[in-house]
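Trainee: give the three-dimensional model of this entry:
(chains A and B)
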Amino acid sequence: GDSVTQMEGPVTLSEEAFLTINCTYTATGYPSLFWYVQYPGEGLQLLLKATKADDKGSNKGFEATYRKETTSFHLEKGSVQVSDSAVYFCALSDEGGSYIPTFGRGTSLIVHP
Amino acid sequence: NAGVTQTPKFRILKIGQSMTLQCAQDMNHNYMYWYRQDPGMGLKLIYYSVGAGITDKGEVPNGYNVSRSTTEDFPLRLELAAPSQTSVYFCASSYLRVQETQYFGPGTRLLVL
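Mentor: Just a heads-up that it's a prediction; the model follows:
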């Protein structure tokens, strides 16, 4: 079945540091890939997405590229801010699979001033 | 648009009690989902619905029940609360099933004692 694996957290960085959160996936079909962000006490909200190989999703300075050859969708940001502190979830929905969205376990990011 | 709304925000139940978690969306979305989020475990799908009158089990349906009499509403019923059901519950909706962003409610925190 489909699965998503994210790097374990927490990831702790100083403000203006470079961020990478790794995400790899397995899927039976042709998945769309997503990054969601969850701020403390809130529900998840979409950060960015990519629907086909080599697409790059971007939003609020975050980027992720859909790499079919390495089955990866790593999240990056060049300079993090304290306000980026949150939990980040990688997810997929698979057109050729069960259609049920699959989420990773989430990676907590803590940014210090 | 209010988006996805959930009530209550927080509830304490005694073992064996029953309750209904309410979820409503005003975006005319066909697909609705119920997830539970346990610490460090990501999201697990409980039930989902592809339209009014149609529901299906997700990954962890035991101890829960759902109905979908209208496009807008998707309540989740706990019949005999158990400590294992202590969790944060999120309702989500999407217009399509694949390639489509899910919109999440703010969550209901449930404590079963």
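Trainee: ok, the lowest-mean-pLDDT helix or strand in chain A: who's next to it in the sheet?
Mentor: Ranked by mean pLDDT, DSSP states H and E, the helix or strand of chain A with the weakest confidence is strand A:102-103, at a mean of 90. Strand A:102-103 has the following strand partners under DSSP bridges: strand A:86-94 (antiparallel).
Trainee: what does the average pLDDT come to for the strand it pairs with?
Mentor: Across strand A:86-94, pLDDT averages out at 92.
Trainee: got phi/psi on the closest residue to residue B:111 other than its chain neighbours?
Mentor: Distance criterion Cβ to Cβ, 6 or more residues apart in numbering or on different chains; nearest residue to residue B:111, sequence neighbours excluded, is residue B:12 at 4.8 Å. (C-beta placed from N, C-alpha, C; glycine too.) Dihedral angles of residue B:12 (phi, psi; degrees, to the nearest 10) stand at phi -110, psi 130.
Trainee: hmm, residue B:12 is touching residue B:108, no?
Mentor: No - in this structure, residue B:12 is not within contact of residue B:108 by Cβ atoms under 8 Å, at 11.7 Å.
Trainee: for the two, indicate the residue with more neighbours.
Mentor: Neighbour comparison, residue B:12 and residue B:108: the larger count goes to residue B:108, with 22 against 12 (by other Cβ atoms under 10 Å in any protein chain shown).
Trainee: could you report the distance from that one to residue A:70?
Mentor: 38 Å (Cβ to Cβ, to the nearest Å).
Trainee: ok, residue B:18 next?
Mentor: 48 Å.
Trainee: try residue B:59
Mentor: 27 Å.
Trainee: ok, residue B:100 next?
Mentor: 25 Å.
Trainee: these two: which has the busier surroundings?
Mentor: When neighbours are counted by other Cβ under 10 Å, residue B:100 and residue A:70 differ, and residue B:100 comes out ahead with 19 against 8.
Trainee: hang on, that one in a strand?
Mentor: No - using DSSP: H, G, I helix; E, B strand; the rest coil, the assignment for residue B:100 is coil, not a strand.
Trainee: got the contact list for it?
Mentor: A:32, A:93, B:31, B:94 (Cβ atoms under 8 Å, 6 or more residues apart in numbering or on different chains).
Trainee: ok, residue A:35 next?
Mentor: Per Cβ under 8 Å, 6+ apart, neighbours of residue A:35: A:23, A:46-49, A:57, A:62, A:64, A:73, A:75, A:88-91.
Trainee: no further queries at this time; thank you.
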